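> Pasting the sequence and the predicted model now:
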Amino acid sequence: MKEFSHGGDIYSFAKSIGCNIDEVIDLSSNINFIKPYIDIDFNKLDIQAYPSYDNLYNAISKKYNIDKDFIQLFNGGTTAINSLFKHLDLKNCDIYSPAYLEYKRCAKIFKYNIKLINRFENITNQATPNSFVIFVNPSTPDGLYYNIDELMNEWIDKNCTILIDESFLDFTDYKSAIPYLYKYDKLYILKSMTKIYSSAGIRIGTLLSQADNIKAIKEKESIWNISEFDSNYIQSALRDKDFKNISDLENRKAKDYLLNILAISDYIEKIYPSDANFILVKLKNINAVDFQKILSLYKIMVRDCSNFDGLDDKFVRIAVKDISLISQLASSLIVHL
C-alpha cells in the first residue's frame, strides 16, 4: 500500500472489481453513517456576493463554548494541518503513532525532524523539549480515547507546541482539551465537522487556539476559504438538536453488532479497544490484501492499515455502519470460514 494512501476511495475500488459505485459497501471510510437533518434549500442561497462567516463562527463558538477569537476555519481539517505546519516553522515534530498519515506527510514537506512515539508502548516521558507534538484523541486507526492530563503536564514542562486532533471526539462523551487553551498559549486543537456530520464533500476544519495565535494565522490565510454551500450546510447540521442523541444511539447499536461479529470470526486474532466509530483488528492466518480479496467478492471494502507507522499487513480497520451493511460483512465471513 502507498505510504500516504487513505481509505474511502470507492471509485478506484468499484473500478477494480467491475461494479457500480452505489453497489460498494464501504466499511473503510470513518464517516458517520447517520446524517443530520438539513433544513435549507441550496437553490435559494445567495451566491452572488462574497461569503460572510459571522453566523458560522457564532454557531461553532456556541457548540464548543469558546470565544470566536479562538477560532479559525479552513477548507477541511487537512488544510488546517498543512497551514499550521507551515505557520509554526519549527524544527522537531513528535508524532504519537500510529496517527493520521497527513501529519507525517506535512512534517516531511516542511522539513521537520520527525520522531515517532509508539502509542502501543510507553507514551510518557517521550516528548522532545521544544518540539511540535501531535496527538490524535480519540486515536486513529484504533479509536482509543486517552486521558491526556499527565501528558499535557509533560508537554507544557518541556515547552512543546501542542496539537490535539479531536476529529472523532464528537462520537464520544469524553472531555475535550479546550479548557487547556486558557492555560497554555502553545496549544492548538483541531476539530473536524466532516466525520460526525457525514459530509466528506463539505470541507470545513476548525482550528482552536488563543486569540493571538489565531490572529497570526488569519493574517496569512485567504479571506474566503470556505464556500457559501459549505457554511450553510454546517450551520444547518448544527441546528439539528436531535442529531447527537440519534447518532450516539444508532452508532452504539451498530458498533455492538460489529464487535460481536468480529469476536466470533476465525479471521480475527485481536480486536483493539475503540471509543470512536471504527474498529482496528489484527488478522489471523491471513494478510490484509488477501482478506480484502475475499470481501471484494461481496463488494465490501475495508481499510488496509499496513501503511500506518507501527502496524503491518496483518491490520485492518473496519468502520461502524448501518446494521444492514454489517450483516453483509457477517455473511461474507461465514461463507469463507
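Received the coordinates, thanks. Numbers count the residues shown, from 1 in each chain.
> going forward, measure contacts and count neighbours with C-alpha atoms only.
Fine.
> any idea whether Ile334 is helix, strand or coil?
helix (DSSP: H, G, I helix; E, B strand; the rest coil).
> tell me, how many neighbours does the residue lying closest to it once chain neighbours are set aside end up with?
Leaving aside its sequence neighbours, Ile334 sits nearest to Ser265 (CA to CA, 6 or more residues apart in numbering; 7.9 Å). By the criterion of other CA atoms under 10 Å, Ser265 has 15 neighbours.
> Ok, Phe308 next?
21.
> thought it was touching Tyr103?
No: using CA atoms under 8 Å, Phe308 makes no contact with Tyr103, being 11.5 Å away.
> Tell me the pLDDT of the residue nearest to Ile334.
With respect to pLDDT, Ser265 has a value of 94.
> is it true that it lies in a helix?
No: the assignment for Ser265, made by three-state DSSP, is coil rather than a helix.
> I'd assumed Ile202 was in contact with Ser192.
No: using CA under 8 Å, Ser192 makes no contact with Ile202, being 10.6 Å away.
> now Met13: how far from Leu283?
Slight slip there: residue 13 is Phe, not Met. 21 Å (CA to CA, to the nearest Å).
> ok, now Lys35?
Distance from Lys35 to Leu283, by CA to CA: 31 Å.
> again with Lys195
Relative to Leu283, and taking CA to CA, Lys195 is found at 26 Å.
> Then Leu187?
37 Å.
> Which residue of those two possesses the greater neighbour count?
Here Leu187 and Leu283 are compared on neighbour count by other CA under 10 Å; more neighbours surround Leu187, at 25 against 20.
> Correct me if wrong: the more buried one contacts Asn159.
No: using CA under 8 Å, Leu187 makes no contact with Asn159, being 10.4 Å away.
> Show me what Ile71 is bridged to.
Counting by DSSP bridges, Ile71 is bridged to Leu208.
> Could you count how many residues lie near it?
Neighbours of Ile71 using other CA under 10 Å come to 21.
> Equivalent analysis for Glu250, please.
16.
> quick one: the closest residue to it other than its chain neighbours from Ile117, how far?
Distance criterion CA to CA, 6+ apart; nearest residue to Glu250, sequence neighbours excluded, is Ile34 at 7.7 Å. According to CA to CA, Ile34 and Ile117 sit 34 Å apart.
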